[in-house]
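In: Give me a model of this one.
(one chain, ligands or ions: 1)
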Amino acid sequence: MSVPYADLHLQYDTIKNDIDAAIAAVIRDSAFIRGPYVEAFENAFAEAVDVKHCVSCANGSDALYIAMTALNLGEGDEVITTAHSWISTSAMITHAGGNVVFCDTDGSTYTIDPAAIENAITPRTVGIIPVHLYGQPANMDAIMTLARKHNLWVVEDCAQAHLARYEGQQVGTFGNAATYSFYPGKNLGAMGDAGAIVTNDGDLARRMTMLARHGGLTKHQHSVEGINSRLDGLQAAILSAKLPYLSRWTRARQVAAAVYDVGLNQIEDVEVPNIAAGRSHVYHLYTIQHPRRDQLAAHLRANGVHTAINYPVALPFLEAYGRLGHRPERFPNAHRQQSRILSLPMFAEITADQQKTVLDLIRAFA
Ligand SMILES: *Cc1c(COP(=O)(O)O)cnc(C)c1O
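Out: As a prediction, this is how the structure comes out:
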């Protein structure tokens, strides 16, 4: 049996009528840019994540750029983020005019280590971007305590963590703002690019809306120089059609993760995801560690099981950050993990048989 890493078409098959009707409605109304479908999704998503305002935009990377720009990030300002994420998190700091300051992860949850943040704070630090990586919330208590103590803003990168909770509270509601990606493979995915920023701060929401729409809220009245970062009507309608299923899909991911946890528990050399107390993990990815990661991945691949590495090189060691001259000793956890991590097939519709195939192969490898 071959097991895909993810299966987007399977999800479409289960809700085909909803999706087809949503697309047909937007075409019928020619509501391609902004309009009622975009507004309806913004309202529904704000409600789903327990926040007052949702500003939609073109993708999760723009969301980060818009949030930081609206928070007045300026030349030479330092922004602290994690060494272990997708490159958008740090690249957008640079594009918004700031200097990236990387911190190591905590060694057990793949999220930023609050102790490392404290060491990295300087008089030029203005903000922190924690990433709820793979779907597990970062240590928001410690991060918000540091932010209050040093008067820093916090933008949560929730691109992999739709509906995840920390101490019962939704991620995305702790910081000044939070960014989401609806890239097709994310837990809530569009059929193209899409993103959003959420916040409880009405003034910040207004500035972010302006920035995403050419710098003005009214046609031809440009208060600032903005960008064009719009969610289009088709993607908004598709996302609205999928949103009611998100809780169910999230639970299905959590059930599948529990099956992996139990099945992998006794297998030598396999390290399953560690969940810190008080955190609910939504398993955008189910990532294990293994000392012979590449051989294990090749063994799985040869037997029809597709895996991925998220990510093979930690951010400080990418060529894009060569100018910073970072050395492995400064990021021991991120550096150690980059050669050990392996993401197993994970999607809401994965079957017991598919998971058994994966588990049997990993057991055979051991
Ligand atoms: C996907 C992702 C982004 C970027 O989102 P896009 O919609 O692809 O621009 C940013 N941060 C993280 C952690 C992501 O996983």
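In: Within range of the ligand, give me the residues from the protein.
Out: 59-61, 85-86, 88-89, 131, 157, 159-160, 181, 183, 193, 195 (CB under 6 Å from any ligand atom). From N, CA and C alone the C-beta is placed, and that goes for glycine too.
In: Now go through the residues you listed and say which are in helices.
Out: Counting by DSSP state H, those place 60-61, 88-89 in helices.
In: quick check, nearest of the residues you listed to residue 353?
Out: Closest approach to residue 353 among those (CB to CB): residue 60, at 33.1 Å.
In: and the closest one, what does it touch?
Out: 88, 157, 159, 179-183, 186, 195 (CB atoms under 8 Å, 6 or more residues apart in numbering).
In: next one: residue 192
Out: So residue 192 contacts 184, 232, 234-235 (CB under 8 Å, 6+ apart).
In: just to revisit the earlier point, which one of the residues of the chain next to the ligand has the most neighbours?
Out: residue 157 (30 neighbours; other CB atoms under 10 Å).
In: Skip the chain neighbours and tell me the closest residue to that one.
Out: Closest residue to residue 157 apart from its sequence neighbours, by CB to CB, 6 or more residues apart in numbering: residue 131 at 4.2 Å.
In: wait, doesn't the one you found sit right on residue 137?
Out: No. Using CB atoms under 8 Å, residue 131 makes no contact with residue 137, being 10.0 Å away.
In: Quickly list what's touching both of these two.
Out: Common neighbours of residue 131 and residue 137, using CB under 8 Å, 6+ apart, are residue 111.
In: Helices of this structure, start to end?
Out: 8-14, 16-29, 36-48, 60-70, 88-95, 114-120, 140-150, 202-212, 233-242, 246-264, 293-302, 332-337, 352-365.
In: Deepest-packed of those helices, please.
Out: Most buried of those by mean neighbour count (mean count of other CB atoms under 10 Å) is helix 60-70; its value is a mean of 27.
In: what separates that one from the chain centre, distance-wise?
Out: 14 Å (CA atoms, centre = their mean, to the nearest Å).
In: how big is the angle separating it from helix 88-95?
Out: 40 degrees (axes from the mean of the first three to the mean of the last three CA atoms, to 10 degrees).
In: Could you export helix 60-70 as PDB, CA atoms only?
Out: C-alpha atoms of helix 60-70 as PDB (Å, rounded to 0.1, in the frame of the first residue of the first chain):
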ATOM      1  CA  GLY A  60       0.800  34.100   5.400                       C
ATOM      2  CA  SER A  61       4.000  35.800   4.500                       C
ATOM      3  CA  ASP A  62       2.300  39.100   3.600                       C
ATOM      4  CA  ALA A  63       0.400  38.700   6.900                       C
ATOM      5  CA  LEU A  64       3.700  38.900   8.800                       C
ATOM      6  CA  TYR A  65       5.000  41.800   6.700                       C
ATOM      7  CA  ILE A  66       1.700  43.700   7.200                       C
ATOM      8  CA  ALA A  67       1.500  43.100  10.900                       C
ATOM      9  CA  MET A  68       5.100  44.200  11.500                       C
ATOM     10  CA  THR A  69       4.800  47.300   9.300                       C
ATOM     11  CA  ALA A  70       1.600  48.300  11.000                       C
END
